[in-house]
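Chemist: Sharing a model that was predicted from the sequence below.
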Amino acid sequence: MRKKIVAGNWKCNTTIQEGIELAKSVNDLVLSKGAKDVVVVLGTPFTHLYSVNEVIDNSRIHSAAQNCAAEAKGAFTGEVSVSMVKSTGASYVILGHSERREYYHETSESLNKKLALTLEQGLTPIYCCGEALAVREAETQNQFVKQQLDETIFNLTEDQLEKIVIAYEPIWAIGTGKTASTQQAQDMLAFIRGLIATKYSDAVAQKISILYGGSCSASNANDLFSQPDIDGGLIGGASLKSEDFLAIINAY
Ligand code: PEP
């Protein structure tokens, strides 16, 4: 049985105080009303991770960094290493989000280093992939996503690949209110699973949780999560309101 995962990505939102309140509220709702078989992850700013981990029940809710340094440590002013992230109590790291690829020039080369460091430290990467609108309009999204995977996670060994979570996030659907149709999301996730089966094995492909992200909300989550290859969601805007986030967690 693959893990069902609903992961929030708070992006660059909330002060530490606001983040603690949000985490407490999610924690209370998940403990009292949340679906027990869904893994819940809060992707908070680095500054919040330690405090958020103090107020969540780690047996039900986990935390994630939204990025990490490509080096283990040293003279890299402003960077936050995976071992620092680990020392906050976080257990996931979101890697390769399209906003980081686009605004901070994240490349496959730096992502490979970050993937290796994250896995070395025993944290779970949530590896993001997905195409821009022009690629979708040219109907070349499958080739585009395949290349992203070929250059990064498909360099991992089978053992390493089994430890990661993949999030397909079409850029044109992120923060736009425009969700991929259920069929578009299912088709891409089935395509990715098929690539894993071809490159590794069907057994490996069946073990890996693949999430959909992009304007996922309480109103469309149920439809999306009912698809055979969609194992949950990476949620931006709707993860900033605990009631909305809970509704997505309970959409299975
Ligand atoms: C995201 O940034 O990962 C995301 C899916 O954002 P939103 O849900 O706001 O589209």
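Modeler: Noted; the coordinates are in hand.

Chemist: ok, for the residue of the stretch 1-150 of the chain at minimum distance from the ligand, nearest residue in space, not its chain neighbours?
Modeler: With Cβ to the nearest ligand atom, the shortest gap between the stretch 1-150 of the chain and the ligand falls at Asn9, namely 4.3 Å. From N, CA and C alone the C-beta is placed, and that goes for glycine too. Leaving aside its sequence neighbours, Asn9 sits nearest to Gly43 (Cβ to Cβ, 6 or more residues apart in numbering; 4.3 Å).

Chemist: Can you report how many residues lie near that neighbour?
Modeler: When neighbours are counted by other Cβ atoms under 10 Å, Gly43 registers 26.

Chemist: can you check the one 4 residues further on too?
Modeler: The tally of other residues near Thr47 (other Cβ under 10 Å) stands at 14.

Chemist: closest point of this protein to the ligand, which residue?
Modeler: For the chain, Cβ to the nearest ligand atom, closest residue to the ligand: Gly236, 2.2 Å.

Chemist: Asn9 versus that residue, what's the distance?
Modeler: Note on Gly236: its distance to Asn9, by Cβ to Cβ, to the nearest Å, is 5 Å.

Chemist: so what sits against both of these two?
Modeler: Shared contacts of Gly236 and Asn9 (Cβ atoms under 8 Å, 6 or more residues apart in numbering): Gly213.

Chemist: which one of those two has more residues nearby?
Modeler: The residue with more neighbours, out of Gly236 and Asn9 and counting by other Cβ under 10 Å, is Asn9; that gives 26 against 22.

Chemist: So Glu79 is in contact with Glu71, correct?
Modeler: Yes. Contact criterion Cβ atoms under 8 Å: Glu79 and Glu71 qualify, at 7.0 Å.
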